[in-house]
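Novice: 3D model of this:
(2 chains)
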Amino acid sequence: MNLILGIILFLLMISIDKKRGLKLFMSLVLNFLILIILFSLIAVGINPIICSILACLAVSYIILFMVNGDNVKTRTSFVSVIVVLMILTILIFMMTNLSRIAGFGYESLEEINMFSYDVRIDFTEIAISLILISLIGATVDASIAISSALFEVHKNNKHLSKKELFQSGMNIGKDILCTTSNTLLFAFLGDFMTLVIWYYMSKYSFLDIINSKTFVEELMKILFSAIGCVLIIPITSYVTSTSLLKENSK
Amino acid sequence: MKKRLKVLLLIMITGILLVFVYHNDRFYSEEIMKIKKIETIEKDTSTNSLGLKEEYQTKKIIGYITNGEKKGKKEEVLYEESYSSVVTEKYQVGDKVFIKDNEIDGLKRDFYITLLISIFILLIYIVGEYKGLLSLVSVILNIMIFYIGLFLYFKGINLLLLCITESILFSILSLGISNGWNKKTQSAIVSSITTIIMIAMVVGVIAKTTHYSGIYFNELQFLTVPPEDVLLPELLIGCMGAVMDVAITISSALSELIEKNKKISKEKLQESSKEIGKDIMSTMTNVLFFTYLCAGLPLFVLAIRNGYSMTQYLTTNYSLEITRFLVGSIGIIATIPISTIISIHLLKGEKI
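Specialist: As a prediction, this is how the structure comes out:
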């Protein structure tokens, strides 16, 4: 069934635009390979946090430079993504350690009971890297949207000051915020549906749910993806407006 | 200046809320213990079939009860902690934990989740101002509809039917709130509903003809309802957000073009919407790619470290995540031509 769906997806991509669709499909395959390599490296026992930060960088490199080409827009986006990643890594590290969302909750016990739990790998670090990688796509997406829009603004209005450019970047960002938060929300709601049905059947109360590991973990994943999207707006606006004006004065 | 004052006010409100949540123990019927002291009593290692040595520590956790009849009383429990914390947790002094039958029944996490939500709301207000809060309102309304829908499902209404009805409500609400009630919103709503129904039919037909071959419902196994019933609605809800996102982008771009040049031809419009579509399709599919496909990481590590091969994992436990991603992306890309046709028809046909 997945094969058929994959073929449909490929055909749709090609039908929109041959060159771009092919490129996109290739980048997805490449991203998938990176993901699998990352998963395997973590499973072998290499530090998950370092691995996933490197994977995030590789992925943003592919999305930005391979799909969108090497130019001022993508370079400023890349820098902004790195800054956001650094800030978020610290925040995620703190929150994951505090709320102890590592490992599996009661809900998944049935799914994992065929495995032995003696695996000697710290699942706290795995939870951190999971959150890190799941936010990278949305963050890069928001970043490139802002930097290319700002680039257009700058091209058409060369006289704009840095402050004005930054402000228009923030305005564009506000529009993106609304749509991206919706995309993320629904992607996670789909997952949530099974969980909520499970909670209902196990007769969980509201208080039980907000303290349960699986629920908190899922919610943190959404929130961090969303926080990544929010943080990238001012940072990209700042970096792009600075570098555009620098380029101008050269 | 005014904004700064509002931010300050918001910080104060969240501060009060956080203090309240931290001290809300009395609202729980389960006993809560605040940990004062942790002693390691015993250390043990156990080896699994691959020779991986796992360390276990039995700990004596001492604390006092903070709610209920036994409030203020000292309590001692034993807890076995593991290095990997696959199913256990590592507690520290100062943590609040639930106690059930003299055993620890998980950490009290409500404080941390409130903290992160507060950070998020503050950030969204600082960056997005009024619009940011508006998107928050639409998120909350959507969650409420989602919850009501599930409630009706438990009452016995068909889930697929509910999801399609819900998706109509979702699109009207979120698109209406963020873009106002106008022609471009209406055409975006019509396009997203059309796309969702089409995807429901296409995926439904594929699922029926292939009998869900290659999909393993491990993840959904814990449900007492047949997993097939839940899968399709879940997939539809999952791609709903992305579909609406693409639909509104295309319809507002087209309405912009029509407004600038009222005599613009249909072919020209199709051309430009294709250009826009090219740009969004790559970024949006990447968003879905990572949000969905990462979810399998913990299980992957567990499976590999138990001696399972990668292909075994990819074809069984991972198949559902891949399906989610594929259906979501198909949704995104199918929206581009569908919303182009509908937008041109609605926006041009009405002769604005």
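Novice: Wait, a helix at B:Gly214?
Specialist: No. Under DSSP: H, G, I helix; E, B strand; the rest coil, B:Gly214 falls outside any helix and is assigned coil.
Novice: and the helix or strand where B:Arg4 lies with chain A, contact?
Specialist: Assigned by DSSP states H and E, B:Arg4 belongs to helix B:2-22. No. Helix B:2-22 lies out of reach of chain A by C-beta under 8 Å from any C-beta of the partner chain, never closer than 9.8 Å. For the C-beta atoms, the positions are set from N, CA and C on the backbone; glycine is no exception.
Novice: And the next helix or strand past that helix?
Specialist: Helix B:2-22 is succeeded, C-terminally, by strand B:31-47 (DSSP H and E).
Novice: Tell me the helices and strands packed up against the helix or strand just after that next one.
Specialist: Where DSSP H and E defines the elements, the next helix or strand beyond strand B:31-47 is strand B:53-65. Counting contacts by 3 or more C-beta pairs under 8 Å, 6 or more residues apart in numbering or on different chains; DSSP states H and E, strand B:53-65 is packed against strand B:31-47, strand B:74-82, strand B:96-100.
Novice: Give me the sheet partners of whichever helix or strand comes after the shortest one and which way each runs.
Specialist: Secondary structure here is assigned by DSSP H and E; on that basis, the next helix or strand after strand B:96-100 toward the C-terminus is strand B:103-107. Sheet pairing of strand B:103-107 (DSSP bridges) gives strand B:96-100 (antiparallel).
Novice: buried residues in the strand it pairs with?
Specialist: Of all the residues in strand B:96-100, those buried under the rule 16 or more other C-beta atoms under 10 Å in any protein chain shown are B:Lys96, B:Val97, B:Phe98, B:Ile99.
Novice: Is there proximity between the top helix by length along chain A and chain B?
Specialist: Ranked by residue count and defined by DSSP state H, the top helix of chain A is helix A:162-201. Yes. Counting by C-beta under 8 Å from any C-beta, chain B has neighbours in helix A:162-201: A:170, A:173-175, A:177-194, A:196-198, A:200-201.
Novice: Domain-wise, how is chain A divided?
Specialist: Here the domain parsing of chain A from automatic domain parsing is A:1-44, A:47-249.
Novice: The closest residue in space to B:Lys36 that isn't next to it in sequence - how many residues pack around it?
Specialist: Distance criterion C-beta to C-beta, 6 or more residues apart in numbering or on different chains; nearest residue to B:Lys36, sequence neighbours excluded, is B:Gly63 at 4.8 Å. Neighbours of B:Gly63 under the rule other C-beta atoms under 10 Å in any protein chain shown: 23.
Novice: How is chain B partitioned into domains?
Specialist: B:2-108, B:158-349.
Novice: okay, those in a markdown table with distance to A:Pro234 and mean pLDDT next?
Specialist: What follows is those, written out as a markdown table (distance: least, C-beta to C-beta, whole Å; pLDDT from 0 to 100):
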| stretch | distance to A:Pro234 | mean pLDDT |
| --- | --- | --- |
| domain B:2-108 | 14 | 87 |
| domain B:158-349 | 20 | 85 |
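Novice: which residues of chain A score low on pLDDT?
Specialist: A:248-250 (pLDDT under 70).
Novice: In terms of helix, strand or coil, where does B:Lys263 fall?
Specialist: Under three-state DSSP, B:Lys263 comes out as coil.
Novice: Which element, helix or strand, includes B:Ile248?
Specialist: Assessed by DSSP H and E, B:Ile248 sits inside helix B:227-260.
Novice: could you say what helices and strands the following helix or strand past that helix packs with?
Specialist: In the C-terminal direction, the helix or strand that comes right after helix B:227-260 (DSSP H and E) is helix B:266-293. Helices and strands touching helix B:266-293, as assessed by 3+ C-beta pairs under 8 Å, 6+ apart, comprise helix A:2-16, helix A:18-44, helix A:123-156, helix A:162-201, helix B:227-260, helix B:319-343.
Novice: Turn those helices into TSV, including distance to B:Ala188.
Specialist: Listed next are those as TSV, based on distance: least, C-beta to C-beta, whole Å:
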stretch	distance to B:Ala188
helix A:2-16	18
helix A:18-44	23
helix A:123-156	18
helix A:162-201	11
helix B:227-260	4
helix B:319-343	7
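Novice: Is it possible to mark the buried ones in the residues of helix A:162-201 next to chain B?
Specialist: Buried among the residues of helix A:162-201 next to chain B (16+ other C-beta under 10 Å): A:170, A:173-175, A:177-194, A:196-198.
Novice: before we move on, back to that, list of residues touching the helix holding B:Arg4?
Specialist: Helix B:2-22 has contacts (C-beta atoms under 8 Å, 6 or more residues apart in numbering or on different chains) with B:Asp110, B:Phe111, B:Thr114, B:Leu115, B:Ser118, B:Ile121, B:Leu122, B:Tyr125, B:Ile126, B:Glu129.
Novice: from those residues, which single one is nearest A:His159?
Specialist: Nearest to A:His159 among those, counting by C-beta to C-beta, is B:Glu129 at 25.9 Å.
Novice: Could I get the contacting residues of the closest one?
Specialist: A:Lys174, B:Lys3.
Novice: Apply 7 Å and report the result again.
Specialist: Contacts for B:Glu129 (C-beta atoms under 7 Å, 6 or more residues apart in numbering or on different chains) come out as A:Lys174.
Novice: Deepest-packed of the domains of chain B, please.
Specialist: domain B:158-349 (a mean of 20; mean count of other C-beta atoms under 10 Å in any protein chain shown).
Novice: tell me how far that domain is from the chain's mean position?
Specialist: Relative to the centre of its chain, domain B:158-349 is centred 14 Å away, using C-alpha atoms, centre = their mean, to the nearest Å.
Novice: first to last residue in it, what's the distance?
Specialist: 37 Å (C-alpha to C-alpha, to the nearest Å).
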